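# Here is a sequence together with a model predicted from it:
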Amino acid sequence: MSSEWNIDSALRVKRFEATVKAKKVVSLEAMIRDLEGMAAALSQQIEAEEQRTKVRDARRADYSTAALAAAARRTKLMVSLADLRTALEATKREHAAAADEVRYLELALGVTTERQPGTKGPA
């Protein structure tokens, strides 16, 4: 009985971990979409400013300071996007591992449960 209780307790913990990881994946994906939209908007702003001033070479002295500032913000966003994509991939791997552990523990208990949020159901 004690062994079964320990497995049942571990199953609850792993289900919780899988759910948390799934929510983190969704959150990271939303953040990436938002930052991609911001970066696209900044690119459009830079393009509009270059068209307005008719100066496209950022090395020229008469290049728009607004375009320079937007380009700097876009560059920082792109660095953040790269970091978020790396974090997303790591979190997806962690979620998959947690979901695998949930399935293993369910098999060990002979549990047939409904699909838990953030975990993959039985194949």
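Nice, I can see it. Numbering: from 1, shown residues only.

# quick one: average pLDDT of the top helix by length along the chain?
Counting residues, the longest helix in the chain under DSSP state H turns out to be helix 2-53. When pLDDT is averaged along helix 2-53, the result is 93.

# What average pLDDT does the following helix or strand past it get?
Later in the chain than helix 2-53, the nearest helix or strand by DSSP states H and E is helix 65-109. What helix 65-109 shows for mean pLDDT is 95.

# for helix 65-109, packing partners?
When contacts are defined as 3 or more CB pairs under 8 Å, 6 or more residues apart in numbering; DSSP states H and E, helix 65-109 packs onto helix 2-53. For glycine as for every other residue, the C-beta is placed from the backbone atoms N, C-alpha and C.

# Spatially central residue for this structure, please.
L28 (2.4 Å; CA atoms, centre = their mean).

# wait, isn't it in contact with L84?
Yes: in this structure L28 lies within contact range of L84 using CB atoms under 8 Å: 5.9 Å.

# ok, A70 - contacts?
L42, Q45, I46, E49 (CB atoms under 8 Å, 6 or more residues apart in numbering).

# Run the chain-centre distance for the longest helix of the chain.
Computed by CA atoms, centre = their mean, to the nearest Å, the chain-centroid distance of helix 2-53 equals 3 Å.

# Give me the angle between it and helix 65-109.
160 degrees (axes from the mean of the first three to the mean of the last three CA atoms, to 10 degrees).

# picking that back up, of all the contacts of A70, which two lie farthest apart?
L42 and E49 (10.4 Å; CB to CB).
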